[in-house]
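Asks: Prediction below, plus the sequence it came from.
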Amino acid sequence: VQLQASGGGLVQPGGSLRLSCAASGPNLDYHAMAWFRQAPGKQREWVSCINSAGTDYYADSVKGRFTISRDDAKNMVYLQMNSLKPEDTAVYYCAASEVVSRTARHYDYWGQGTQVTVSS
């Protein structure tokens with residue numbers, strides 16, 4: 001499985017961005033997909049995940065502002081980020097796993113990361 005994240009950039013507080021993750025490989029529709037983020041000097045943090053049935057889960061810090069979705073026909077996963085805050089600044093990574101988890105070590109496949117900077 002190969003993953004490639006894109007869509008990051010510089011945005012003002014209160015703005016929006018949509019991250020995309022292009023996936024390739026077998027049986028992707030059976031995998032849980034997730035987004036993690038890592039800010040400078042901090043540990044990688046789980047943001048959101050979605051299982052193969054489309055059930056989504058969110059960290060409290062982003063609940064109500066971020067929305068994860070998947071399009072298995074296109075092998076794509078998205079993270080719509082609204083009402084962005086400076087504390088959302090981080091490198092965002094997409095990841096795939098055979099199990100639904102909030103723990104990074106449970107994810108076998110990772111994209112290369114895309115930088116999101118929220119600043120005025």
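Replies: Okay, I see it.
Asks: Against G54, how distant is S61?
Replies: S61 sits 22 Å away from G54 when distances are taken as C-beta to C-beta, to the nearest Å. In short, each C-beta sits where N, CA and C put it, glycine included.
Asks: did I read that right, Y93 in a helix?
Replies: No. In this structure, Y93 is strand, not part of a helix, as judged by DSSP: H, G, I helix; E, B strand; the rest coil.
Asks: hang on, the earlier thing: looking at S61 and G54 now, which is surrounded by more residues?
Replies: Neighbour tally, S61 and G54, criterion other C-beta atoms under 10 Å: the higher count belongs to S61, 13 against 10.
Asks: contacting residues for the spatially most central residue of the chain?
Replies: Nearest residue to the geometric centre of the chain (C-alpha atoms, centre = their mean): W35, 2.4 Å. For W35, the contact set (C-beta atoms under 8 Å, 6 or more residues apart in numbering) comprises L19, C21, V47, S48, C49, I68, V77, L79, Y92, Y93, C94, A95.
Asks: Excluding covalently adjacent residues, which one is nearest to the second one?
Replies: Nearest non-adjacent residue to C21, counting by C-beta to C-beta, 6 or more residues apart in numbering: C94, 3.4 Å away.
Asks: Quick one: the helices in the protein, in order.
Replies: Assigned helices in the chain: none (criterion: DSSP state H).
Asks: okay, and for it, where does confidence drop off?
Replies: By pLDDT under 70, the chain contains no weakly predicted segment.
Asks: Where do the strands of it begin and end?
Replies: Shown for the chain, the strands assigned by DSSP state E span residues 2-6, 9-11, 17-24, 32-38, 45-50, 56-58, 66-71, 76-81, 90-97, 109-110, 114-118.
Asks: what sits against the closest residue in space to E45 that isn't next to it in sequence?
Replies: Leaving aside its chain neighbours, E45 sits nearest to R37 (5.5 Å; criterion: C-beta to C-beta, 6+ apart). Residues counted as contacts of R37 (C-beta under 8 Å, 6+ apart) are R44, E45, V47, D88, A90, V91, Y92, Y93, V116.
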